[in-house]
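[1] Pasting the sequence and the predicted coordinates here, then a few questions.
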Amino acid sequence: MTLLTNDPAVLVLEDGTRHVGRAYGARGTTLGEVVFATGMTGYQETLTDPSYAGQIVLQTAPHIGNTGMNAEDSESRRIWVSGYIVRDPSRMVSNWRADESLDDALVADGIVGISGLDTRSITRHIRSGGSMRGGIFSGDAAGLSAEEQLEIVRAAPAMSGRNLSAAVSVQAAEVTPAGGASESRAYGAEPHQVSERIGNLAVLDLGVKQATIRNLAVRGFEVHVLPQDVTIDDIRAIDPVAVFYSNGPGDPAASGDHVELLRAVLDDGLPFFGICFGNQLFGRALGLGTYKLPFGHRGINQPVLDKTTGRVEITAHNHGFAVDAPREGEFDSPNGYGRVEVSHIGLNDDVVEGLRALDIPAFSVQYHPEAAAGPHDANYLFDRFRDMVIAQQSKDKN
């Protein structure tokens, strides 16, 4: 049972808005960009998604924590959110797979949270005013004056211009053999028979999730997860059949080195697939711009049109930036990579959700096809990537 307390805590937004609630998780002060996530399930996968580094996450679902936390469903080595906002924490953990309560996990990883707030009101405020810096103050920090707390929040760095890749990336290469298991499990994949080994895949870890690695391995790639500061020579050294850029936190405009590395990959003719942050960096490598969304897309219920098939998919998102590109027709890459088209469109707000190069083997999507906690509508994209790599191998042999 989780022992909920009445210890005071306060959420302060940079526009001066204050919300008084109860301390939840670790005590202290935390700062970050306050964003909301609309998923009704999958809070463990959300918390352990490295893309949320630097962000205080508000769950719009009112009741959080009833299934606890377990060792199998984490998407990375720790909880990455800067802070956590919930309305009603569960007093009991009632799932046979649980190893600990959510509250205990937050305390263990030093995550300062707050509960007992009107999360619907805060969500509507962010939708109107946009994502903004905020702070959660509990313990001794809850006793600071309102003026002091607001000054601390306004002194925090904004998300625009931040490069957080080094904070979330591995420090040394990690390899997952092709296959690994007889079939993928419910970590963001429909059951899928293991493919024959294709070759080495270089994955630039900008905040990669375990479900992504499993989805790639089960399709026949030997997955080499590489630190974010590798060079093109480091990538060439593993003799890759393709390169993959993962999801991750931060502003793509602040990741110029990753863009230049990707341009070297494309110049080498290696097949490429990027997701989320990788999609934004692909856009910049092609010569396109990126921009910050007012409040971003975060949840597991975002409708996206795949223009290739005409299907509408319900997809998992976590991004605050997007690529600026023509929505209709083909256009030439400003950086000389041939013809490009927007392959996917978000149906809520017409945001570019995917890019496809027509003259080189490369494509990307803005959302998470591994979709740990679901939905799995976009899982086919891993098959599309595998098929593209095999087709390029056949072309190179001829």
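    Arrived safely. Numbers count the residues shown, from 1 in each chain.
[2] Which other helices and strands does the least confident helix or strand in the chain by mean pLDDT contact?
    Per-element confidence for the chain was summarised using mean pLDDT, DSSP states H and E. The lowest value among helices and strands belongs to helix 43-47, with a mean of 90. Other elements packing on helix 43-47 under the criterion 3 or more CB pairs under 8 Å, 6 or more residues apart in numbering; DSSP states H and E are strand 55-59, helix 102-108. Where you see a C-beta, it was placed from the backbone N, CA and C, and this is true even at glycine.
[3] now the ones you listed in CSV, with mean neighbour count and mean pLDDT?
    CSV is the format used below for the helices and strands packed on helix 43-47 (neighbours: other CB atoms under 10 Å; pLDDT from 0 to 100):
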stretch, mean neighbour count, mean pLDDT
strand 55-59, 25, 96
helix 102-108, 21, 95
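[4] I'd like these laid out as a markdown table, including distance to residue 349.
    What follows is these, written out as a markdown table (distance: least, CB to CB, whole Å):
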| stretch | distance to residue 349 |
| --- | --- |
| strand 55-59 | 20 |
| helix 102-108 | 31 |
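[5] Which one, of those, ends up nearest to residue 307?
    The stretch from the helices and strands packed on helix 43-47 with the least distance to residue 307 (CB to CB) is strand 55-59; that distance is 30.2 Å.
[6] okay, that closest one in PDB with CA atoms only?
    Output in PDB follows, covering the C-alpha atoms of strand 55-59 (Å, rounded to 0.1, in the frame of the first residue of the first chain):
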ATOM      1  CA  GLN A  55      10.200  17.900 -18.700                       C
ATOM      2  CA  ILE A  56       7.700  17.900 -15.900                       C
ATOM      3  CA  VAL A  57       5.000  15.500 -17.100                       C
ATOM      4  CA  LEU A  58       1.300  16.000 -16.200                       C
ATOM      5  CA  GLN A  59      -0.900  12.900 -16.600                       C
END
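[7] Within the sheet, what are the partner strands of that strand, with directions?
    Its sheet considered, strand 55-59 pairs with strand 29-37 (parallel), strand 83-85 (parallel) by DSSP bridges.
[8] Could you identify the helix or strand that succeeds it?
    With elements assigned by DSSP states H and E, the helix or strand that comes after strand 55-59 is strand 63-64.
[9] Identify the residues contacting that next one?
    Here strand 63-64 makes contact (CB atoms under 8 Å, 6 or more residues apart in numbering) with 43, 86, 87, 88, 89, 90, 102.
[10] remind me, longest helix of the chain?
    With secondary structure taken from DSSP state H, the chain has its longest helix at helix 380-397.
[11] what does that helix rub up against?
    Residues from elsewhere that reach helix 380-397 (CB under 8 Å, 6+ apart): 189, 195, 198-199, 215-216, 219-221, 241-242, 244, 271, 273, 361, 363, 365, 369-370.
[12] Please produce a markdown table containing the strands paired with strand 55-59, extended by distance to residue 303 and mean neighbour count.
    As requested, the strands paired with strand 55-59 are arranged in a markdown table below (distance: least, CB to CB, whole Å; neighbours: other CB atoms under 10 Å):
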| stretch | distance to residue 303 | mean neighbour count |
| --- | --- | --- |
| strand 29-37 | 17 | 23 |
| strand 83-85 | 26 | 28 |
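[13] quick one: which of those strands is nearest residue 5?
    Counting by CB to CB, and looking across all of these, nearest comes strand 83-85 at 15.4 Å.
[14] chain center to the closest one: distance?
    17 Å (CA atoms, centre = their mean, to the nearest Å).
[15] What is the neighbour count of residue 343?
    When neighbours are counted by other CB atoms under 10 Å, residue 343 registers 19.
[16] and it, how far is that from residue 273?
    Distance from residue 343 to residue 273, counting by CB to CB, to the nearest Å: 12 Å.
[17] Any chance you could list residues touching both of those two?
    Here residue 343 and residue 273 have residue 363 as joint contacts, going by CB under 8 Å, 6+ apart.
[18] can you give me the strands in the stretch 251-398 of the chain?
    272-275, 289-306, 312-324, 330-332, 339-346, 352-357, 362-365 (DSSP state E, counting those that start in this stretch).
[19] tell me the angle the longest one makes with strand 339-346.
    Using axes from the mean of the first three to the mean of the last three CA atoms, to 10 degrees, the inter-axis angle of strand 289-306 relative to strand 339-346 is 70 degrees.
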